[in-house]
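>>> Give me a model of this one.
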Amino acid sequence: MKYIATIEDQTFEFEINGEDDIIADGDHVAIDFRSIAGQSVYSMLVNGRSYEALVQVEDDNLQVLLRGRLYIVTVEDERQIRLRGASSSQTIQQGDFHLTSPMPGLIVSIPVKEDQEVSEGDRLIVLESMKMQNELKSPRAGIVRNIRVSIGENVDQDQVMLTIS
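Numbering: from 1, shown residues only. Predicted structure coming up:
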């Protein structure tokens, strides 16, 4: 799975291939990352160079003290980014809004019915992807029209699942 790390205004894409190999921005990097005595101090070997860092989890980010400099790091996986994008995309306040699948998955639940009135934030569909259930919520108030999927159906990424008018 790919991850995106954001440090200040820079983003870095990486993929973990194994315990000691990652791909960072397209390059293979040999890495050894271990906690020292179960503490929040970590010893890292990155391509043969040694580093020590203090890493603390703070709300939804990491605070990393490395070589005397404090970095605030936010890490998201591909799934989180797609879900955030699906829920925070600009919502059309007039006309129809088409709820599309942010990723391939299985429809687990559809807690609404056609012609049902919904409010912003109401659950529309529960989609299972990568063994995780994701609640897809209404970005605005409206009336559910044209439910195009059913429970147990597999959907593709960007497939229209229902419409709100």
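>>> show me what contacts residue 64?
53-55, 70-73 (C-beta atoms under 8 Å, 6 or more residues apart in numbering). Every residue, glycine included, has its C-beta placed from N, CA and C.
>>> so of the residues you listed, which ones are in strands?
53-55, 70-73 (DSSP state E).
>>> And these, which of them are buried?
With burial judged by 16 or more other C-beta atoms under 10 Å, the buried subset of those is 53, 55, 71.
>>> And the pLDDT for the second one?
Residue 55 is assigned a predicted lDDT (pLDDT) of 87.
>>> residue contacts, it?
Counting by C-beta under 8 Å, 6+ apart, residue 55 has contacts 40-42, 62-65.
>>> Am I right that residue 71 is in contact with residue 61?
No. Using C-beta atoms under 8 Å, residue 71 is not in contact with residue 61; the gap is 9.7 Å.
>>> Tell me how this protein divides into domains.
2-77, 89-164 (automatic domain parsing).
>>> Lowest-scoring secondary structure element of the chain by mean pLDDT?
One helix or strand of the chain scores below all others by mean pLDDT, DSSP states H and E: helix 78-88, with a mean of 65.
>>> and the next helix or strand after that helix, which strands flank it?
Sequence order places strand 97-100 as the next helix or strand after helix 78-88, per DSSP states H and E. When pairing is defined by DSSP bridges, strand 97-100 lines up against strand 160-164 (antiparallel).
>>> C-alpha coordinates for the partner strand, CSV please?
These are the backbone C-alpha positions of strand 160-164, laid out as CSV (Å, rounded to 0.1, in the frame of the first residue of the first chain):
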residue,chain,number,x,y,z
VAL,A,160,-21.9,6.1,-9.5
MET,A,161,-23.8,4.5,-6.7
LEU,A,162,-26.7,6.9,-6.1
THR,A,163,-27.9,10.4,-6.8
ILE,A,164,-29.2,13.1,-4.5
